[in-house]
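> 3D model of this:
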Amino acid sequence: MAGEPAAEIQLLRSLKARLIEILSADADFVLQHADSSSLLSNSGYQQVRARTVPREKVTDLLDHIIQRGPEEARGLLELLKGPALQETFPMLRFLKDGKINTPSTGPGLVKERQLMEVACAIGNSWKKIGILALEIPALKLEQIEIDQTQHIDRVFQMLLFWRTRQKMNATAAHLHRLLSQEHCGLPPESITPLLEGD
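Sure, this is the predicted structure:
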């Protein structure tokens with residue numbers, strides 16, 4: 001069928017970069033839900049599952065669904081609006097609210113650059129910090145540990161997951177306050193990037 005792509009396809013394409021940013025915090029969760037909703041072919045599922053980098057996994061997932069057609073694209077959009085994904089990824093709320101063009105970042109929200117700088121400063125106590133300071137479930141931290149082989153990537157993914165869950169509360173100041181707690185054991189200078197602007 002020639003002509004313009006279906007509206008669902010166009011919408012997914014326009015949201016692709018933003019969805020990759022949000023969904024990469026827990027790519028496997030998204031993949032399992034998409035598969036249980038029959039949005040992927042068997043070969044597509046295997047191809048996406050084989051990806052080890054979360055961003056690549058989400059990118060492949062979106063590309064596969066876009067290529068399959070408007071029916072699958074519509075199914076994914078409905079899935080993203082559903083309770084399971086809305087609860088896991090609060091930043092997806094813009095889909096339900098209809099605020100499609102609202103930017104996913106706002107004033108004071110912590111940036112990836114800041115997260116990476118802080119990740120470089122967090123040592124082997126990263127899981128303790130994740131549980132006590134950031135209130136991330138131990139099961140999620142174990143999953144990150146399995147998915148990521150490099151220490152800095154594990155810490156960065158943990159901080160990304162925190163940012164996604166916190167939605168509009170994911171400010172640099174908020175994260176700085178949490179990581180400044182005594183039981184984190186972080187030197188004050190190691191988290192100063194959170195106090196700096198652009």
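
> secondary structure class for the most centrally placed residue in the chain?
Closest to where the C-alpha atoms of the chain average out (CA atoms, centre = their mean) is Ala25, at 2.7 Å. Here Ala25 is recorded as helix under DSSP: H, G, I helix; E, B strand; the rest coil.

> With Asp35 instead?
Recorded secondary structure, Asp35: helix (three-state DSSP).

> And the pLDDT at it?
Note on Asp35: pLDDT of 93.

> Secondary structure element for the nearest residue to it once chain neighbours are set aside, which one?
Among residues not flanking Asp35 along the chain, Tyr45 sits closest, at 5.2 Å (CB to CB, 6 or more residues apart in numbering). From N, CA and C alone the C-beta is placed, and that goes for glycine too. According to DSSP states H and E, Tyr45 maps onto helix 42-49.

> how near is the nearest residue in space to Met116 that is not next to it in sequence to Thr88?
Leaving out its chain neighbours, the residue that sits closest to Met116 by CB to CB, 6+ apart is Phe156, at 5.7 Å. Look at Phe156 and Thr88: by CB to CB, to the nearest Å, they are 19 Å apart.

> Now for the residue nearest to Met116: which residues touch it?
115-116, 119 (CB atoms under 8 Å, 6 or more residues apart in numbering).

> at 10 Å instead, please
With contacts defined as CB atoms under 10 Å, 6 or more residues apart in numbering, the neighbours of Phe156 are 112, 115-116, 118-120, 122, 126, 144, 148, 150.

> For stretch 138-154, list every residue counted as buried.
140-141, 143-144, 147-148, 153-154 (16 or more other CB atoms under 10 Å).

> Return the member of those nearest to Leu80.
Lys140 (19.8 Å; CB to CB).

> picking that back up, mind pulling up the pLDDT for the residue nearest to Met116?
Phe156 is assigned a pLDDT of 92 by the prediction.

> With Arg74 instead?
Listed pLDDT for Arg74 reads 89.

> how near is the nearest residue to it once chain neighbours are set aside to Ala73?
The shortest distance from Arg74 to any non-neighbouring residue, by CB to CB, 6+ apart, is to Glu8 (4.6 Å). Glu8 is 4 Å from Ala73, where distance means CB to CB.

> more crowded one of those two?
Neighbour tally, Glu8 and Ala73, criterion other CB atoms under 10 Å: the higher count belongs to Ala73, 24 against 20.

> wait, the more buried one sits on Ala34?
No. Look at Ala73 against Ala34 with CB atoms under 10 Å: they stay out of range, at 11.4 Å.
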